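K.L.:
predicted model follows, preceded by the sequence.
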Amino acid sequence: GLLASILVDKYQDHLPLYRQKQRFARENIPIASSTIEGWAKQALERLEPLYQQLLFDTKAKGYLQADETPIKVLDSGKKGACHQGYYWVYHSPLDKTVLFDYRPTRGAAGAALLNKFKGYLQSDGYAVYEKIGARQDVVHLACWAHARREFEKALGNDAKRAGIALLYIQQLYAVERSAREADMDAAAIKQLRLDKSLPLLNQMGKWLVEEVKHALPKSQIGKAMNYSIARWDALSAYLYDGELQIDNNLVENAIRPVALGRKNYLFAGSHEAAQRAAMIYSFFASCKKHGVNPYQWLKHTLENIMSINHKNLRELYPQNFKDKSNM
């Protein structure tokens, strides 16, 4: 319970270990920095088998949303300098699992998990994903939220045409909202999109092709139009299946705790520490997706992971945790 509390405080509530140590000291419980750091490290190491199972299962998914976010790592060749590492984050919308994979680079090698991926890959327009999306056995889905941001940036440059584009996008999202409110199944969502979204996409596509001729390529409206035109097939690909999402927001939401954590503890102490943090970020993100109390889940998992049969490891996944309580 103590170990679970320390890890939830750090990785869920963004309270660095030195502040937790100060809090213990106020209660007349002196704990050395090396002791609390050792506890956190060893508790995280206990989760390694479960994380490896999650890694294996994530590689087998047929639909993944991907994104990446930077993390500074103290382990650098230069004394006192930080290395810029990255968490590559994968969200499976069908079963609401999240995997954080730490890599020292944002280059193509960072997306190693996708080396043998087959299926639907949804991402922003980053070149590494574009290259993977061009493979024969991958269908690349772009993100309408990113396309929308480009037109929002163009409002100051060309309010009229940016406004027209944003109105089209607003109508596409209205279709998605009506599907959610009606609690439709995948087949019904696909049909609704074909009936309502496909005509909108066709209209917008024709409008873009015509209007881009009259826009300066380096102007913000020109950039916004070209961003969408270059990715039109990928932006339209969500029509293929009602299980697919219109945007990448679900994986972006899963990344937010890292951004909050960065403000509080600034960097990871080593590449190994960054990867250990990736494990707990993965499971806490899945807890949030499934409405599971992270402390209750982690306490239960730490109590049982050393004795559970390896073939039953999946029973410890947050989505399989029975004692669900409101976060």
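P.N.:
Done, it's in. Residues are numbered from 1 along each chain as shown.
K.L.:
just the terminal-to-terminal distance for stretch 187-197.
P.N.:
One end of stretch 187-197 sits 15 Å from the other (CA to CA, to the nearest Å).
K.L.:
that should have said stretch 40-56, apologies.
P.N.:
OK, stretch 40-56 end separation, CA to CA: 25 Å.
K.L.:
do stretch 234-247 as well
P.N.:
By CA to CA, the extent of stretch 234-247 from end to end equals 11 Å.
K.L.:
contacts for that stretch?
P.N.:
For stretch 234-247, the external contacting residues (CB atoms under 8 Å, 6 or more residues apart in numbering) are 63, 65, 93-94, 120, 122, 133, 139-147, 172-173, 176, 179, 184-191, 193-194, 197-198, 201, 228. From N, CA and C alone the C-beta is placed, and that goes for glycine too.
K.L.:
likewise for stretch 294-302?
P.N.:
For stretch 294-302, the external contacting residues (CB under 8 Å, 6+ apart) are 1, 3-5, 7-8, 12, 43, 46-47, 50, 283-284, 287-288, 316, 318, 321, 323, 325, 327.
K.L.:
just the buried subset of the residues you listed, please.
P.N.:
Using 16 or more other CB atoms under 10 Å as the burial test, the contacts of stretch 294-302 include 3-4, 7-8, 12, 43, 47, 50, 283-284, 287-288, 316, 318, 321 as buried.
K.L.:
picking up where we left off before, which of the contacts of stretch 234-247 fall in helices?
P.N.:
133, 144-147, 172-173, 176, 179, 186-191, 198, 201, 228 (DSSP state H).
K.L.:
weed out the non-buried ones from these.
P.N.:
Buried, going by 16+ other CB under 10 Å: 133, 144-147, 172, 176, 179, 189-190, 201, 228, out of those.
K.L.:
any stretches of the stretch 101-250 of the chain with poor pLDDT?
P.N.:
For the stretch 101-250 of the chain, no stretch has pLDDT under 70.
K.L.:
which parts of it are strands?
P.N.:
119-122, 138-141 (DSSP state E, counting those that start in this stretch).
K.L.:
residues of the first one that come out buried?
P.N.:
Residues of strand 119-122 classed as buried under the neighbour-count rule (16+ other CB under 10 Å) are 120-122.
K.L.:
just stretch 136-156 next, same as before
P.N.:
So, applying 16+ other CB under 10 Å, buried residues of stretch 136-156: 138-148, 150-151, 154-155.
K.L.:
same check, this time on stretch 47-64
P.N.:
47, 50-51, 53-54, 57-58, 61, 63-64.
K.L.:
what's the farthest-apart pair in these?
P.N.:
With CB to CB as the measure, no two of those lie farther apart than Leu47 and Tyr63, at 25.3 Å.
K.L.:
dump the strands of the stretch 101-250 of the chain to CSV, plus distance to Asp241.
P.N.:
Converted to CSV, those look like this (distance: least, CB to CB, whole Å):
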stretch, distance to Asp241
strand 119-122, 8
strand 138-141, 9
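K.L.:
so which of those is nearest Arg256?
P.N.:
Going by CB to CB, the one of those nearest Arg256 is strand 119-122, 17.8 Å.
K.L.:
and that closest one, what other elements does it pack with?
P.N.:
For strand 119-122, the elements it packs on are strand 63-73, helix 127-133, strand 138-141, judged by 3 or more CB pairs under 8 Å, 6 or more residues apart in numbering; DSSP states H and E.
K.L.:
switch those over to JSON lines; also include distance to Phe100.
P.N.:
Converted to JSON lines, the helices and strands packed on strand 119-122 look like this (distance: least, CB to CB, whole Å):
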{"stretch": "strand 63-73", "distance to Phe100": "9"}
{"stretch": "helix 127-133", "distance to Phe100": "17"}
{"stretch": "strand 138-141", "distance to Phe100": "21"}
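K.L.:
tell me which residue is most central in this structure.
P.N.:
Among the residues of the chain, the one closest to the centroid is Val251, at 2.8 Å (CA atoms, centre = their mean).
K.L.:
nearest to Ile36 among the buried ones among the ones in helices among the contacts of stretch 234-247?
P.N.:
Ala145 (39.5 Å).
K.L.:
where's the dip in pLDDT among the buried ones among the contacts of stretch 294-302?
P.N.:
Checking pLDDT across the buried ones among the contacts of stretch 294-302, the minimum falls on Gln12 at 82.
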